[in-house]
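A.B. asks: I need the structure of the sequence given here:
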Amino acid sequence: MHKVCLLVLFLSTLLIAQRRPGAVFLLIWPGARPTALAGSFAAIADDPTACYYNQAGLAFIKKPMITLQHANWLPALQPDMYYEFIGVAKPFKFGTLGFDIIYLTTGKTQVVDPEGIYLGEYTTFDISIGLNYGVELNPKLGLGLGWKLIYSYLVPEWVLVKMPGLGLDKGGTGLIYAFDSGVLYKPFKFVSFATALQNIGPDISYSESGSSDPLPYTLRLATRFDPVQTTAVHITLTAEVTKILVGMFAQEDNSFFENLKYELEEAWKSIGLEINYYNFIKLRGGYFYDKEGARKGFTYGGGVQAGGFSLDVGIDQAIYDFPTSNRKFSLTYRFK
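C.D. replies: Here you go, the predicted model:
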C-alpha cells in the first residue's frame, strides 16, 4: 500500500491549489524529444506527440507518422513504475487525424494490514485514449481539437473495505472525458507561436470513495524561433509557459494584483534548444522551472534519424529534488 501513498503524495506536489486535481498523470510529458526540450513543444508539435502538446500541429503533418515511447518512470520512487505513449498521425484531404494512448502504472501493489497480514495485491494504473484533429486554415495557421477518455484505477474497493484505517478520502476507479484545443501560427518560416487549452471537462469521480476532483485544466503559451537554417545545421529555440488553471486566485485575502503576481510566478517555465546536423544527428537541451512544485533543472537528450526512422532519448531527472534516473526512449517512423 505504501507504493500508492508515495505516488499520490508525489503527484500532488505537481500542483498546489485550493482543489487538488485528479488524473494528474496527464501532466507528465510524453515523448523523448519534448522531454529533452523541458516540455517546451507546443510551438513545434511536428510529430504524433502533437496529440498531447498541441493538436494544431497535426495540421502541418503531411505524411503518416507513428511514435512509440517507453520509460521506467522515476524508479527511485518505485522500480516498477512505467510510463508509455503511442501516437499516430494520418493526413487526409481535409486535415490530419491523430490517435494517442497514454498509460502510467506503478506495477503490482501488495496490501498488508497493520498487523503484517498479507491481504492481496493489485495493479494501479491510469490511461488516456485520445482522438484528435488538426486542420490548416491557411499555410500559416492551424487549428486543432482533441477528445480523450480518461480511466483511473487507484485503489480497488476491497482495499478500502479491508483497511478503513488508511483514511483515504479519494481512491477507487474513475472514468471521465475531456477536450483539448490548440492554435499554431507560423507567420514566417523561422518563427511560430502557439497556444493550447487542455483537459477541459467534468470533475473525475471515484466510484468507491464517492469523492471527485477537477481535471488538471492547462493553458500553454509557446513560441519557436529557428535562427539557423542551412543544409548542414538547423537550430531551433523554443520557450513555453504552462499554467495550471485549477484553484487560480484562491487566496481571498490577497488583492487581485497580488494573486496575479503569484499566478504568474507559479506558472511553469521552460526553454529548449535543438541542433539538427544534416537531418541525421540531433542534440537537445532545455531548462525547466516550477517554483511551487520545487522542480527545476536542466533536461537533455538527442537522437538519430535515418530511412524514415527516428530514435530519441530524453532525460529530465535533474529537475527532481531527489536522486533518481528518468529516461524516456522514443521511436518514430514517418511513412513515405
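A.B. asks: Please verify my assumption that residue 55 contacts residue 132.
C.D. replies: Yes. Taking CB atoms under 8 Å as the definition, residue 55 is a contact partner of residue 132 at 4.6 Å. Backbone N, C-alpha and C define where each C-beta goes, glycine included.
A.B. asks: Compare neighbour counts for the two and give me the winner.
C.D. replies: Using other CB atoms under 10 Å, the more surrounded residue of residue 55 and residue 132 is residue 55, with 32 against 28.
A.B. asks: least trustworthy helix or strand in this structure by mean pLDDT?
C.D. replies: The weakest-scoring helix or strand in the chain, judged by mean pLDDT, DSSP states H and E, is helix 2-12 (a mean of 46).
A.B. asks: coming back round to it: mind listing the shared neighbours of residue 55 and residue 132?
C.D. replies: 98, 144-146, 180 (CB atoms under 8 Å, 6 or more residues apart in numbering).
A.B. asks: from those, which single one is nearest residue 50?
C.D. replies: If you rank those by distance to residue 50 using CB to CB, residue 98 comes first, at 6.6 Å.
A.B. asks: The closest one - nearest residue in space that isn't next to it in sequence?
C.D. replies: Spatial nearest neighbour of residue 98, excluding adjacent residues (CB to CB, 6 or more residues apart in numbering): residue 132 at 3.6 Å.
A.B. asks: Next: residue 139.
C.D. replies: Per CB to CB, 6+ apart, closest to residue 139 is residue 186, 7.9 Å.
A.B. asks: That neighbour and residue 95, how far apart?
C.D. replies: Distance of residue 186 to residue 95, computed by CB to CB, to the nearest Å: 16 Å.
A.B. asks: After the least confident helix or strand of the chain, heading C-terminal, what element do we hit next?
C.D. replies: helix 32-36 (DSSP states H and E).
A.B. asks: starting at the chain centroid, how far to that following helix?
C.D. replies: Relative to the centre of its chain, helix 32-36 is centred 11 Å away, using CA atoms, centre = their mean, to the nearest Å.
A.B. asks: hmm, back to that, which of the shared contacts of residue 55 and residue 132 fall within strands?
C.D. replies: 98, 144-146, 180 (DSSP state E).
A.B. asks: Nearest to residue 279 among those?
C.D. replies: residue 98 (23.4 Å).
A.B. asks: just checking, residue 229 touches residue 191?
C.D. replies: No. Contact criterion CB under 8 Å: residue 229 and residue 191 do not qualify, at 11.3 Å.
A.B. asks: These two: who's more crowded?
C.D. replies: Taking other CB under 10 Å, residue 229 and residue 191 do not tie; residue 191 has more neighbours (15 against 12).
A.B. asks: The strand or helix carrying residue 90 - which strands sit beside it in the sheet, and in what orientation?
C.D. replies: Assessed by DSSP H and E, residue 90 sits inside strand 82-92. Here strand 82-92 is paired, per DSSP bridges, with strand 65-72 (antiparallel), strand 95-112 (antiparallel).
A.B. asks: Any idea what residue 332 is bridged to?
C.D. replies: Beta-bridge partners for residue 332, by DSSP bridges, are residue 67, residue 310.
A.B. asks: Could you check how far it is from residue 271?
C.D. replies: 23 Å.
A.B. asks: Who has more neighbours out of these two?
C.D. replies: Neighbours per residue, other CB under 10 Å: of residue 332 and residue 271, the larger number sits with residue 332, 23 against 17.
A.B. asks: Quick check: that one vs residue 192, distance?
C.D. replies: For residue 332, the distance to residue 192 - CB to CB - is 20 Å.
A.B. asks: Now do the helices in this structure.
C.D. replies: With DSSP state H, the ranges of helices along the chain come out as 2-12, 32-36, 50-53, 157-162, 256-266.
A.B. asks: lowest-confidence stretch among the ones you listed?
C.D. replies: Lowest mean pLDDT within these: helix 2-12, a mean of 46.
A.B. asks: re the thing from before, any chance of TSV for the strands paired with strand 82-92, columns mean pLDDT, distance to residue 85 and mean neighbour count?
C.D. replies: Compiled in TSV, the strands paired with strand 82-92 are given as follows (pLDDT from 0 to 100; distance: least, CB to CB, whole Å; neighbours: other CB atoms under 10 Å):
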stretch	mean pLDDT	distance to residue 85	mean neighbour count
strand 65-72	98	4	21
strand 95-112	92	5	19
